[in-house]
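Visitor: Next come a sequence and a model predicted from it.
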Number of protein chains: 2
Amino acid sequence: MHNSHGPVVPTNGALRPLTTARLDPGGLLGQWQERNRAATLPHCIEQLHAHGNLDNLRRVTGDTGGAAASYAGYWFADTDVYKTLEAALWHGSEREFVADTVELLAKVQDPDGYLVSYFQMAANRDRQWAELPSSHEMYCAGHLIQAAVAAARAASGDPGAQPLVEVARRFADLLVRRFGAGGEDAVDGHPEIETALVELFRVTGHRPYLDLAARLVDLRGRGLLGPESRFGQRAYYQDHTPVRDAAEATGHVVRQVYLLAGAVDVAVETGDAELLAAAERLWGSALASKTYITGGQGSRHRDEAFGDAYELPPDRAYAETCAAIGGFHLAWRLLLATGRSRYADEMERLLYNGIAASTALGGTAFFYSNPLQLRTGHDGSDEDAPGARLPWYKCACCPPNLARLMASLHAYAATGDSGGLQLQLYAQGSFAAAGRAVDVATQYPWDGTVTVTVTESTAEPWTLALRIPAWCADARVSDPDAVIAGGYARIRRAWKAGDRVELTLAMPPRLVAAHPRVDAVRGAAALARGPVVYCLEQAGLPGELAGVVFEDLTLDASAPIGVVRDHPAAPVALAALVQVADAADEALYRPLGAAPPARTSATVHAVPYHLWANREPGPMRVWIPVVPPPR
Amino acid sequence: MHNSHGPVVPTNGALRPLTTARLDPGGLLGQWQERNRAATLPHCIEQLHAHGNLDNLRRVTGDTGGAAASYAGYWFADTDVYKTLEAALWHGSEREFVADTVELLAKVQDPDGYLVSYFQMAANRDRQWAELPSSHEMYCAGHLIQAAVAAARAASGDPGAQPLVEVARRFADLLVRRFGAGGEDAVDGHPEIETALVELFRVTGHRPYLDLAARLVDLRGRGLLGPESRFGQRAYYQDHTPVRDAAEATGHVVRQVYLLAGAVDVAVETGDAELLAAAERLWGSALASKTYITGGQGSRHRDEAFGDAYELPPDRAYAETCAAIGGFHLAWRLLLATGRSRYADEMERLLYNGIAASTALGGTAFFYSNPLQLRTGHDGSDEDAPGARLPWYKCACCPPNLARLMASLHAYAATGDSGGLQLQLYAQGSFAAAGRAVDVATQYPWDGTVTVTVTESTAEPWTLALRIPAWCADARVSDPDAVIAGGYARIRRAWKAGDRVELTLAMPPRLVAAHPRVDAVRGAAALARGPVVYCLEQAGLPGELAGVVFEDLTLDASAPIGVVRDHPAAPVALAALVQVADAADEALYRPLGAAPPARTSATVHAVPYHLWANREPGPMRVWIPVVPPPR
């Protein structure tokens, strides 16, 4: 049983994280968490050794051993170490790696608290703090601090980890001295430090950390990163306009969502309603017109950026894994701050689609970008648009980010408040706070039945709240007193151990269309069931479609969609009727109205998008052209 | 009267450039050429002064004058000087600039022939030839040579220009010594030198230039640029596979089309049918599935690259101006080599759309990328996707490339062979070769009537060939003996001065659909008339549509399209009926089938795509959603 509040523990807000949460490996989220512990985390540690991240640190201490003399990887490669460390700490595993790394970091740290191995190399020392648009120094500090927060909260019994808190505080103290009130007006080109400083404040109670975070949020958008930033675009650095004044999410997606997460943290701790409203407004703008059906964000490879409103190409979707993780973190903060179910809906959508798709079944290969379509003949040699998941990346931010999220996944499934418990993500496991505890049994998301058993209760009545996802048009609760409103079914009573409630979320297959302004998927539909978005893969086509060009399939929207359980490629597949035209001899441009007629039809099986590319590599699409075309 | 063969004069091939060609400023092409001379060329010269390109050269001679001490712009900034010089030479104007610059270049050149000002700075000299993947040194040599070719062919009466030929030869001779047979096996990351060397061979008859060009074409695709090129993608540098073996056009578009142009030149001069076939095959693959309706190529901003087959997003179309110019140059070479009308069709499509759109009405502002759609709320602050044409660019390759093309535009309108003359682009002007001459009168492309008057003839019969564009379904020739076949109407007879032929190309407005595999424009149509592609702009909407979101317009495909002459924004506009739905409150994703109904309808005027963004800035689209949706 994990005994922790997890990575985010606000002192204010509508909801609170639970003190106790456990995912059962019999459920999908528990399986993912266990795979993370057994496969992903050891893989990450292995990759850190193989790619020189740890050697980069050792080199600063003069202990180069047999390592190459030159720095390896990006100048922010230390963060991959920190994220992996954080994952290990949430899991409470890999203690040798943890102890060794913490000991190493304490040695690497300069006396004044500075700790970025790239800029601690002799040749680079005079560049410290001189290149903030691109240096990622505060970004590095932020991930160090996040690992230390895990050390403080999750591994209190692990003495090897405790020095990490002091290492992180020394770096944070340096930041406060240098960039705090009265110090230099500066921000880092890549936000991340803001959330970290607030969380360190929450761990330590040391107010200057919060004050610095608030200051850094407010210093953005004032041109401190220079008028001539990369591509001349201040939005890339989130320095185009102050957060409070911005009208819509824009620029580099990860930077935008990390910054907004920091803004929410600051707003919650300082009671800054204006700032909280700005964060809701900005992310709301992205959800309204710049978010893929998978929850992914980032329509452009160039600059890893949001596009214009309704610019959502499936094939060139960037939808970076770290952006999805950042969105999940942001949604969690907004859920805690506001209690609004839409944010839990968004966490769910991201978790089962945009985030889950990034990891291979075995847990040791990953996507960095998460396109919603891969075409016949796609050249997968580009790391940014590979045809299959890769074990690691030159910029390896995503895999260890996944590791730390999955290691702390238990913390996000439920919340509490003075009035009771709220189940947000339906996962088999146990969840408790303040003398109230429940067990959850479910095969969600493959099945919509969720059985909640109270295992511990206080004497006074309290409310059990069960989230009703926005995708669900037919939710039933076994308790006749349940009140469904505002995205939750609420049951208030004096609970006793053994009480049981059953929630049934009907999840018939759905055909989804996009807003008519989304030009890129006009005339196409996506298949979904429950929170899970589906896709078609060439790999799964029946033999009768051998030789057909994948892009020539069209979905017959008038035919029923079947549910296929225990499909070889997925716990639940969807059976759909497709028609196939032979378009091979068509001209690229032709008079309107003369499309080729259907040649044949067949039943195909769509699989969850998050499971794509686990069979043989090949074309895939989430959005399938529909006949007859919808109005 | 221009007296020149123009930039490309093969010694073999199906067709030959004319010895004499003149565009009349009463026709559109003539107007463009005159605008280029009067506005674009002086503007380019002004920008070269303002942006330090000429100072970069002066600095090498030690004559820094009052100029900044440091090099300005990209390391290949010399090429902007060369392209401008070439433009001036084809025009025979700006003689002072020409003489001064040629004198300067002769001074800057090293004794061994080297001439790249960036790498002639003291601090960079040891980097010469050491960074070929990115250095652009041969690319710089190539543009120098192209300017020298213009000096040799177009300005034989301009003594100030003649030393340029010797400067170029000295650099070419250095390349031959260093990289010729028996020398270093190497290629430049950016092709361009290949066409230049072949043309210098054509000017001088010096075979080693041709041999080196052939060698450089054949050395591509052998990993000489290193396995770890930019993004790990050898296709970016056109070094992924030998030209002869490649199956499809890919990678950086400008590099691909420049390389193919060089391959055609080499193939024509060496009688290498395999290489010519490879160039036709590769560019044919691009035309079949990777080319916009405007002729533009380049579906991705990232890497300025081709996308996968049928990946043709209108909003993120890169369609770089230089790629369109490169495509035009390539098509011209293929036309001369093969005599196939499809290549002249492609030149025409590019000229009136992909190329023409890049230049503002006044001739002093330009697009670098040429998207086919600009959305409401587009952030135009990015140089790579601005909302309006800009006077110059950090990477200013396109404007002077336009200048040199327009300065030599007369050379591309017609061809000759032993059997007669062929009119390829219909332009008001005079065209002659080998004692055969015609005057052409036409208001093409606004009108489909072309009147050809023979002004000079040899005694023996010859064939006048008039291209019948592939877009034209109804072509009529006044002469009953005309034979229409293979893309030309051919009239063979003993012509005498004063003979007249009238060609009438019917050009009713057309609604065009894309291949069903082009997902990005499914359910949409483009308007075209003759060779001109049209677009809708918010700027041109009638008052009754004020306040409507531009993206909510749909084209009523059942209504007739009207032709509006002398529209305030275009010589010919097209009137179409649109319906408008109010989609403001629609969810981003919704059940299939529940699109909002039309609220109102109105007649709107589409203008030629190449004239967009000449009124107030705002949304634009070539592909308009259609009701009822096409099958």
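Guide: On my side now, so go ahead.

Visitor: Which strand or helix spans the residue nearest to residue A:210 when sequence neighbours are not counted?
Guide: Nearest residue to residue A:210 in three dimensions, chain neighbours excluded: residue A:201, at 4.0 Å (CB to CB, 6 or more residues apart in numbering or on different chains). Where you see a C-beta, it was placed from the backbone N, CA and C, and this is true even at glycine. Following DSSP states H and E, one finds residue A:201 within helix A:193-204.

Visitor: which helices and strands sit right next to the helix or strand following that helix?
Guide: Tracing the chain C-terminally past helix A:193-204 and defining elements by DSSP H and E, one meets helix A:207-219 next. Counting contacts by 3 or more CB pairs under 8 Å, 6 or more residues apart in numbering or on different chains; DSSP states H and E, helix A:207-219 packs against helix A:163-179, helix A:193-204, helix A:253-270.

Visitor: what about 10 Å?
Guide: Applying 3 or more CB pairs under 10 Å, 6 or more residues apart in numbering or on different chains; DSSP states H and E, one finds that helix A:207-219 contacts helix A:137-154, helix A:163-179, helix A:193-204, helix A:253-270, helix A:273-289.

Visitor: Can you get me a residue count around the residue lying closest to residue A:475 once chain neighbours are set aside?
Guide: Once flanking residues are discounted, residue A:475 sits nearest to residue A:468: 4.6 Å by CB to CB, 6+ apart. A count of nearby residues for residue A:468, using other CB atoms under 10 Å in any protein chain shown, gives 21.

Visitor: Run a quick check on residue A:609 versus residue A:529, I expect a contact.
Guide: No - with contact defined as CB atoms under 10 Å, residue A:609 does not reach residue A:529; the gap is 11.3 Å.

Visitor: the more surrounded of the two?
Guide: Comparing residue A:609 with residue A:529 by other CB under 10 Å, the one with more neighbours is residue A:609, at 28 against 22.

Visitor: Pull up the gap between the more buried one and residue A:560, please.
Guide: Residue A:609 sits 21 Å away from residue A:560, going by CB to CB, to the nearest Å.

Visitor: hang on, the earlier thing: so the residue nearest to residue A:475 sits right up against residue A:345, yeah?
Guide: Yes - shown here, residue A:468 and residue A:345 form a contact pair, counting by CB under 10 Å, at 9.4 Å.

Visitor: list residues touching both of those two?
Guide: Residues within reach of residue A:468 and of residue A:345 at once, by CB atoms under 10 Å, 6 or more residues apart in numbering or on different chains, are residue A:487.

Visitor: so which strand or helix has the closest residue to residue A:372 other than its chain neighbours?
Guide: Among residues not flanking residue A:372 along the chain, residue A:314 sits closest, at 3.6 Å (CB to CB, 6+ apart). For residue A:314, there is no helix or strand it lies in under DSSP H and E.

Visitor: Centroid-nearest residue for chain A?
Guide: Centroid-nearest residue in chain A, with CA atoms, centre = their mean: residue A:325, separated by 1.7 Å.

Visitor: so that one makes contact with residue A:355?
Guide: Yes - at 6.2 Å, residue A:325 counts as touching residue A:355 under the criterion of CB under 10 Å.

Visitor: overlap in contacts of those two?
Guide: Common contacts of residue A:325 and residue A:355 (CB under 10 Å, 6+ apart): A:401-402, A:405-406.

Visitor: Just put those residues in CSV and tack on distance to chain B.
Guide: Formatted as CSV, these follow (distance: CB to the nearest CB, whole Å):
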residue, distance to chain B
A:401, 22
A:402, 22
A:405, 24
A:406, 26
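
Visitor: Out of those residues, who's the most crowded?
Guide: residue A:401 (29 neighbours).

Visitor: Let me see the contact set for that one.
Guide: A:44, A:79-80, A:83-84, A:86-87, A:143, A:254, A:320-322, A:324-326, A:329, A:355, A:358, A:366.

Visitor: What is the distance between the helix or strand containing it and the centre of its chain?
Guide: Element membership for residue A:401 (DSSP H and E) is helix A:398-407. From the chain centre to the centre of helix A:398-407 is a distance of 9 Å (CA atoms, centre = their mean, to the nearest Å).

Visitor: What's the first helix or strand after that helix?
Guide: strand A:414-417.

Visitor: just checking, what packs against that following strand?
Guide: Looks like strand A:414-417 contacts strand A:16-17, strand A:20-23, helix A:321-338, strand A:420-423, strand A:429-433, strand A:436-442, strand A:462-467 (3+ CB pairs under 10 Å, 6+ apart).

Visitor: how about the CA coordinates for the helix or strand following the third one, as CSV?
Guide: Meaning helix A:321-338. Scanning forward in sequence from helix A:321-338 by DSSP H and E, the next helix or strand is helix A:341-349. In CSV, the C-alpha atoms belonging to helix A:341-349 read as follows (Å, rounded to 0.1, in the frame of the first residue of the first chain):
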residue,chain,number,x,y,z
SER,A,341,-15.3,16.9,-13.4
ARG,A,342,-14.3,18.2,-16.9
TYR,A,343,-10.7,18.1,-15.7
ALA,A,344,-11.0,14.5,-14.6
ASP,A,345,-12.6,13.7,-18.0
GLU,A,346,-9.5,15.3,-19.6
MET,A,347,-7.1,13.2,-17.4
GLU,A,348,-9.0,10.1,-18.4
ARG,A,349,-8.9,11.0,-22.1
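
Visitor: Can you list the strands that whichever helix or strand comes after helix A:341-349 pairs with?
Guide: Sequence-wise, the next helix or strand downstream of helix A:341-349 (DSSP H and E) is strand A:373-374. Taking DSSP bridges as the criterion, strand A:373-374 forms sheet pairs with strand A:620-621 (antiparallel).

Visitor: Okay then, goodbye and thanks.
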